[in-house]
Each structure stands twice: as structure tokens, then as C-alpha cells.
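1. Give me a model of this one.
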Amino acid sequence: MLKTKNIFIIFFSLLVLVFAFIFYILANSHLNLLLLKQYEQKIKSLDDTLRFGLLEQLNPQNIKEFATYTRADFIIKKNGELFSSLDETFENFEKKALLNDKKFLTKEFNFKDYNYTIIVYPYFTDFKKFWSKMLLFFGFYLILVLILFYFIGKKLAKHLQQILEFLQNIDTQKNVFLENSIFKELNLLNKKLFKTKDKILKKNEKAKKQSDKISLKNTQLTSVISAISHELKNPLSVIDLSLLILKDENLTDEKLKKELLEKIMRQSLKLNKLTEKLNFVFNFNTQNLKMQDFDLFELCKKIIENPGFERVILQGKSSKVKADEFLIEQVIINLLSNALKYSQKEVILSVENSRLCVQDFGIGIEENQLKLVTKKFYKIDSKSDNSFGLGLFLVKKILSIHKSYLEIFSKPNQGSQFSFKL
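-> Numbering: from 1, shown residues only. Model (predicted):
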């Protein structure tokens, strides 16, 4: 395939040549016609001169002199007498002229007793010189045109090459320079290309964010499945082992049997709580709310009396609220469980004026993670298998349906504070 500049050169060269050919045909025909008309006019002028002044004065002695002055030839016949400016008969003259491709015009006239023929010679040799000059001028003009279109074609080819490079990198951050062109349409195309590149990069960025989000969700889901599997595996292992021991016919220790049954009950209860938590995350809606009046301080007192909350210090006073007691209980349990998990010291639980606050003195949370800890399946330690990443998400969801929100203040290595108000 030809390059753009070569196509330009060939196309315009052919265009110029076709124009030159058509111009030559039309101009040559027109100039020939003009010359013929001029010499026909000359014949008429000579005829008028002969008729009204000189015809009777011409004779065999002065006719050649007259022919020299008028640059024409004459053949005159009167009363059978014939004399001519030619040195030969007209028939021989005509034959020689045809052989030598010599052009001439003739016309016969009758006036009084005279029968005469006028012969004129158009100067076609001068006409050929004219075309030689025209050809030289046209050649010079053609060279200028070719040079001009060569540079235009080269400029256009360079711009098209830039556009091709731009299109190859249109979905990348690489900047490709597109210079301004003498063609308005190409400049408009440049602007359109830059706008298109900007749109594509924005869409790519959006797609990348979506991909990262999906990847994060998949990672989180994998972690959750792993955590659920781990959480299910431990109680099931305890239940299986306890049942295996109980099936032993030789087991007579009633105390051991009772301990094993209590273990099975505890692990069953743990499994039940796990399924309830997962069911709540994926299926809960506001229609399940059971709003009631209760004392938030008394609820906290009841929670910390359970095993596992020995390091919790309760502060505050009675505070009446209206909410779903079971759900608020889940919120408090989750907040206390998190605080105890990440702190080896005491955890302070305070209640006052419908406001609850959990204060720990543990590892704290980095600032860039504060907005992420309440996301579904998000875990600060992605390698940890003892967390679903659902605790704070549940808290946030429960509080939101109670028209409340979770406030978090934390400093790394100093501790965290979680609070809400009903």
C-alpha cells in the first residue's frame, strides 16, 4: 500500500497532467482558429486592396515586388493572359507544399475582367515557439506544485502517524503529542481524540475500581468461608469426640458423662449462634424489629455477668431507651468481644443518658482503616481465622435501623473508643 504523501503526489501529478492535456487541446484549437480568422481577414483586406486600387496596375514585372511587400502570393488571369508571383505553376506549388507539410490559405475571386487567386502563409512556426515557452513555464509550475504537495503530503502523513500512535495508546496513561494542523477537520479530530481518551481512561479507572472491589469481595468471602469452616470445625470436632466417648459401653463415670453432655450443649449453642448471626447478616429487614422499653444499664449488667466478660468494668447509671432489646444486646456483645479481643487490659463499659461507650486500651486502629472496619467481611488482620469480619458490620446495620450510628475514635497502640446513642 502507498503512503499518504505518495498518494498525494501521484494524485496531484495526474490531475496537473490531465489539466495540461485538456488545456493544450482547447488552447491549440482556439489559437489555430484565431490564426485562421486573422489570415482570412488578411485575404479579405488584400482582395479589397486589389479591387479598389492595384489590380489594374499589376503586371508580370511588378507582381513579385507586390508579393514581397504583402507577404502573400498572387495568380492573376485577364483576357486569357496569366501571370503569377510564383516561379512555378500552382499545381506544382501545391504538391510541394503538401510534401513539406507547409500550410497556406487560398481563395479565388472574380472582379471585372480579372480572375485571381490570393495565397497567404500563416506563421505556424511562431506558434510552435509559443508552445515551447508555454511548456517551459508549465514545467516550472509543475515542479513547484509537486514540491508544495510533497510537503503537504509529508505533513499530513506525519499527523496521521501521530494519530495512529495516539490510537495505539488511547487506553494507556502515555501522553502522545498531536500537533496543530493547517486542516481544520484534523484539529477537530485532535480534540475529539483527546476527549475520547479521557473518557476511556475514566471508564478504565472505574472498571479497575470495580475489579478491585470484586477482588476484595472475593477475598473477603474466601476469608469468611474459611472462618466459618474453622468456626464450624472446632465445635463439630468437640461434639464428635464427646459422642465417641459417650458411645463407649465401658464408660461408667457419671461425672465425665455429664461434662461431655455439657460440652455438646455448649458447642451446639455456639453453632446455633453462628447460624443466627449469618442469617441476620443476609436476611434481616426492618419488619423483624420488636421495639420495646428497657433499661440499657440493666441490659449491660446482665451481659457482663456471662463467662468471658470478667475484664469488663461497668460504669454509669440507669438509662431508659426504646429499641429492639435483642438486637441492642447483639451490638453490645459485639463491641465488648472486639474490645476484649484486641486488648489485654480492662475494658470500660459506660452508660448514661441513652448513650453507651466501650473503651479499650489495646492495639488501636490505623486512621486509614477507620472507615473500613464497619464494611461487610472486612478484617484488620486478613490472615486471622477467628473472625468473620461481620461484627462491626452488624453493629452498624443494627444501629442504622434504630436511626443511630457508631462513633469510633482510636489511636494506634493507645486504644479505641466505640459509642452510640439511642
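2. So which residues of the stretch 51-200 of the chain form helices?
-> Assigned by DSSP state H, counting those that start in this stretch, the stretch 51-200 of the chain shows helices spanning 63-70, 90-99, 124-168, 184-246.
3. Run through the stretch 201-350 of the chain and note the low-pLDDT ranges.
-> Counting by pLDDT under 70, the stretch 201-350 of the chain has low-confidence residues at 220-232, 234, 273-274, 276-288.
4. can you rerun that using 80?
-> Along the stretch 201-350 of the chain, segments meeting pLDDT under 80 span 216-235, 238, 242, 246, 248-254, 257, 267, 269-289.
5. Mark out where each domain of this structure begins and ends.
-> Per the record, the chain has its domains at 4-141, 169-283, 288-421, by automatic domain parsing.
6. ok, back up a step: please produce CSV containing the helices of the stretch 51-200 of the chain, extended by mean neighbour count and distance to residue 366.
-> Quick note: C-beta positions are derived from backbone N, CA and C, even for glycine. Putting the helices of the stretch 51-200 of the chain into CSV (neighbours: other Cβ atoms under 10 Å; distance: least, Cβ to Cβ, whole Å) gives the following:
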stretch, mean neighbour count, distance to residue 366
helix 63-70, 15, 118
helix 90-99, 12, 112
helix 124-168, 13, 42
helix 184-246, 13, 17
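7. Now render those helices as JSON lines, adding distance to residue 365.
-> Shown next, in JSON lines, are the helices of the stretch 51-200 of the chain (distance: least, Cβ to Cβ, whole Å):
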{"stretch": "helix 63-70", "distance to residue 365": "122"}
{"stretch": "helix 90-99", "distance to residue 365": "116"}
{"stretch": "helix 124-168", "distance to residue 365": "46"}
{"stretch": "helix 184-246", "distance to residue 365": "18"}
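8. ok so, going back, of all the domains of the chain, which one is nearest residue 162?
-> Residue 162 lies closest to domain 169-283 among these, at 5.3 Å (Cβ to Cβ).
9. And the strands in the chain, which stretches?
-> Here the chain has its strands, by DSSP state E, at 72-78, 81-84, 105-111, 114-120, 292-295, 312-316, 320-323, 347-352, 355-359, 407-411, 415-421.
10. how about those in a markdown table, adding distance to residue 46?
-> Listed next are the strands of the chain as a markdown table, based on distance: least, Cβ to Cβ, whole Å:
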| stretch | distance to residue 46 |
| --- | --- |
| strand 72-78 | 6 |
| strand 81-84 | 15 |
| strand 105-111 | 9 |
| strand 114-120 | 5 |
| strand 292-295 | 136 |
| strand 312-316 | 139 |
| strand 320-323 | 131 |
| strand 347-352 | 136 |
| strand 355-359 | 131 |
| strand 407-411 | 121 |
| strand 415-421 | 126 |
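11. So which of these is nearest residue 30?
-> Of all these, it is strand 105-111 that lies closest to residue 30, at 18.0 Å by Cβ to Cβ.
12. Partner strands of that closest one, with direction?
-> Paired strands of strand 105-111, with direction, are strand 114-120 (antiparallel) (DSSP bridges).
13. what about the partner strand, distance to the chain center?
-> Relative to its chain's centre, strand 114-120 lies at 85 Å (Cα atoms, centre = their mean, to the nearest Å).
14. Mind listing what's buried along that strand?
-> Neighbour-count burial for strand 114-120 flags 114, 116, 118-120 (criterion: 16 or more other Cβ atoms under 10 Å).
15. closest to residue 34 out of the helices of the stretch 51-200 of the chain?
-> Nearest of those to residue 34, taken as Cβ to Cβ: helix 124-168 at 10.1 Å.
16. orientation of the closest one relative to helix 184-246 in degrees?
-> Helix 124-168 and helix 184-246 are oriented at 20 degrees to each other (axes from the mean of the first three to the mean of the last three Cα atoms, to 10 degrees).
17. Make residue 1 into 25 and carry on from there
-> Okay, using 25 as the starting number, the last item reads as helix 148-192.
18. same question for helix 148-192, mean pLDDT?
-> Averaging pLDDT along helix 148-192 yields 76.
19. show me the contacts for the residue of the chain most remote from its centre.
-> Most distant from the centre of the chain: residue 103, at 99.5 Å, with distances by Cα atoms, centre = their mean. By Cβ atoms under 8 Å, 6 or more residues apart in numbering, residue 103 lies in contact with residue 137.
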